[in-house]
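A.B. asks: predicted model and sequence follow; I will ask about them next.
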Amino acid sequence: RGSEHAVPRGPPSVPPRRRNPSASKPRAAHPCRAGAAAPAAPSPAPSKRWCLTSPPPLQVMLVGDSGVGKTCLLVRFKDGAFLAGSFISTVGIDFRNKVLTVDGVKVKLQIWDTAGQERFRSVTHAYYRDAHALLLLYDVTNKASFDNIQAWLTEIHEYAQQDVVLMLLGNKVDSAQDRVVKREDGEKLAKEYGVPFMETSAKSGLNVELAFTAIAKELKHRSMKLPNEPKFKLHDYVKKEVRGSGCCRS
Ligand SMILES: Nc1nc2c(ncn2[C@@H]2O[C@H](COP(=O)(O)OP(=O)(O)OP(=O)(O)O)[C@@H](O)[C@H]2O)c(=O)[nH]1
């Protein structure tokens, strides 16, 4: 559909897109939106037209290999804390809600934390269709998790909505001495696929708030596009706001 942030087609090495037929089904119209079927009139009928339901939350999914830090990123964003200590893998899928205020408007995110382990992949597949945005993570201290990004993108092409908002995150940048994936490599891959990119740390909190805020801004602008409002440019926003982990970027 040609959206700037639609899932990119990718280089020729990515197999051609085989869309999940159910993925193209339209989402149910929300009663508050224009064009939605009129809800049954309550009794007694109100003199004004009220919309009593709040908008449904925007669905954001965290995906990536097991151990890249998806749960920790979500906990850092939701509670401002870091889950140190022994690593407990997510079983199946879990979610947390968080309300953000974006440009004076409240945006409710429902954030799905998926299990990175292969054995739960079919569970994750079932949730892609309803996702409005995906945060795809790798671990900068784990080369395999970076190499697997292409496979994740192929899966996203297959199961997610074509216009899903996608962002690539290189997590654990606080572990400078264990880093094996350079920032430039992440940037290069993201550029190749046309997705915004940033490095994060669930441990230090670097860019965590920014990643979710950027997604929320993009989704809010898409859902509430006002006629004279300039188009929100996610790439430009991320480039402007992102903070580096090292000595030389601010
Ligand atoms: N140093 C550092 N460690 C992190 C960071 N984020 C997560 N970890 C550690 O990495 C391990 C895995 O983190 P999780 O958040 O559970 O990983 P996950 O991606 O949710 O894993 P699955 O649930 O198996 O998919 C834990 O031991 C965390 O403490 C980070 O930003 N920096």
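C.D. replies: Thanks, I have it.
A.B. asks: next, the most centrally placed residue in the chain: phi, psi?
C.D. replies: Geometric centre of the chain, nearest residue: Leu134, 2.8 Å, by CA atoms, centre = their mean. Torsion angles at Leu134 (phi, psi; degrees, to the nearest 10) stand at phi -130, psi 130.
A.B. asks: pLDDT at it, what is it?
C.D. replies: On the pLDDT scale, Leu134 is placed at 98.
A.B. asks: need the contact list for it.
C.D. replies: Val60, Met61, Leu62, Val63, Tyr128, Ile156, Ala160, Val164, Val165, Leu166, Met167 (CB atoms under 8 Å, 6 or more residues apart in numbering). In this view, the C-beta of every residue, glycine as well, is placed from N, C-alpha and C.
A.B. asks: farthest pair within the residues you listed?
C.D. replies: Farthest-apart pair in the contacts of Leu134 is Tyr128 and Met167; separation 15.3 Å (CB to CB).
A.B. asks: follow-up on the earlier one: restricted to strands, list the contacts of Leu134.
C.D. replies: Using DSSP state E, the members of the contacts of Leu134 that fall within strands are Val60, Met61, Leu62, Val63, Val165, Leu166, Met167.
A.B. asks: can you add distance to the ligand, pLDDT and neighbour count and give those back as TSV?
C.D. replies: Converted to TSV, the ones in strands among the contacts of Leu134 look like this (distance: CB to the nearest ligand atom, whole Å; pLDDT from 0 to 100; neighbours: other CB atoms under 10 Å):
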residue	distance to the ligand	pLDDT	neighbour count
Val60	15	97	25
Met61	12	98	25
Leu62	8	98	27
Val63	9	97	24
Val165	20	97	27
Leu166	17	97	25
Met167	16	98	24
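A.B. asks: out of these, which is nearest to Ile88?
C.D. replies: For the ones in strands among the contacts of Leu134, the nearest to Ile88 is Leu62 (15.6 Å; CB to CB).
A.B. asks: Gln110 is in contact with the closest one, correct?
C.D. replies: No - applying CB atoms under 8 Å, one finds Leu62 not in contact with Gln110, separated by 11.7 Å.
A.B. asks: stretch 109-123: how far from the chain's middle?
C.D. replies: Using CA atoms, centre = their mean, to the nearest Å, the mean C-alpha position of stretch 109-123 is found 13 Å from that of the whole chain.
A.B. asks: let me see the mean pLDDT of it.
C.D. replies: 94.
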